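**Student:** With the input below, show me the fold.
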Amino acid sequence: MNTIKTINITSNDLKFEADLLWDLAPKTCKAVLDILPLKIDLIHVKWSGFGVWADLGEVKVEELPYENNTIYLAKGEIMFYPGFESMKELLIPYGSVAFASKAGLHSANHFATIKNQDDLPELGRRTVEDGKQPVIFEI
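**Tutor:** All right, here's what the predicted structure looks like:
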């Protein structure tokens, strides 16, 4: 098991800490750690419910299997979608999410869960009212 247990997520003045789920998604946890620090912009989901997401674009990630995969995520359950059928994405729910695209529902890897969730609705509000929000994922 890896010695790194958590990652830090910062968007402006909002700070979160997420526990990595090594027992359930070891390859996804390693792949995410390999791309940290990651500075990207979050926008509000279009079809999925109450969440914010980022297109990882040209970020290089090893090919991953489905691990701890689900369509339905709860508040704070961070998912990584390594581009099985479309683009690579990272999604943070601030409420209930059914991960989807215009083509329908997708299954993605739940690899971490945010511990301090009180400010997650504020992150969601900011993406709705103010537009894209900068975020840094780091150890």
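**Student:** Would you mind listing where the chain has pLDDT under the threshold?
**Tutor:** The model of the chain has pLDDT under 70 over residues 1, 84-85.
**Student:** who's in contact with the top strand by length along the chain?
**Tutor:** Using DSSP state E, we find that the single longest strand of the chain is strand 88-98. Residues outside strand 88-98 that contact it (CB atoms under 8 Å, 6 or more residues apart in numbering) are 9, 40, 42, 45, 48-57, 59, 61, 71-83, 99, 105, 108, 114, 120-121, 123-124, 137. The C-beta positions use only the backbone N, C-alpha and C, and glycine is treated the same way.
**Student:** hmm, which of those are the buried ones?
**Tutor:** When the contacts of strand 88-98 are checked for burial by 16 or more other CB atoms under 10 Å, the buried set is 9, 40, 42, 45, 48, 50-54, 56, 73, 75-82, 99, 108, 114, 120, 123-124, 137.
**Student:** Walk me through which strands the longest strand of the chain pairs with, and which way each runs.
**Tutor:** Partner strands for strand 88-98, per DSSP bridges, with pairing direction: strand 49-55 (antiparallel), strand 72-73 (antiparallel), strand 77-82 (antiparallel).
**Student:** Now render those strands as CSV, adding distance to residue 21.
**Tutor:** As requested, the strands paired with strand 88-98 are exported to CSV (distance: least, CB to CB, whole Å):
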stretch, distance to residue 21
strand 49-55, 18
strand 72-73, 12
strand 77-82, 9
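**Student:** Tell me the bridge partners for residue 92.
**Tutor:** On the basis of DSSP bridges, residue 92 is bridged to residue 52.
**Student:** and it, how many neighbours does it have?
**Tutor:** 28 (other CB atoms under 10 Å).
**Student:** Quickly note the distance from it to residue 83.
**Tutor:** 18 Å (CB to CB, to the nearest Å).
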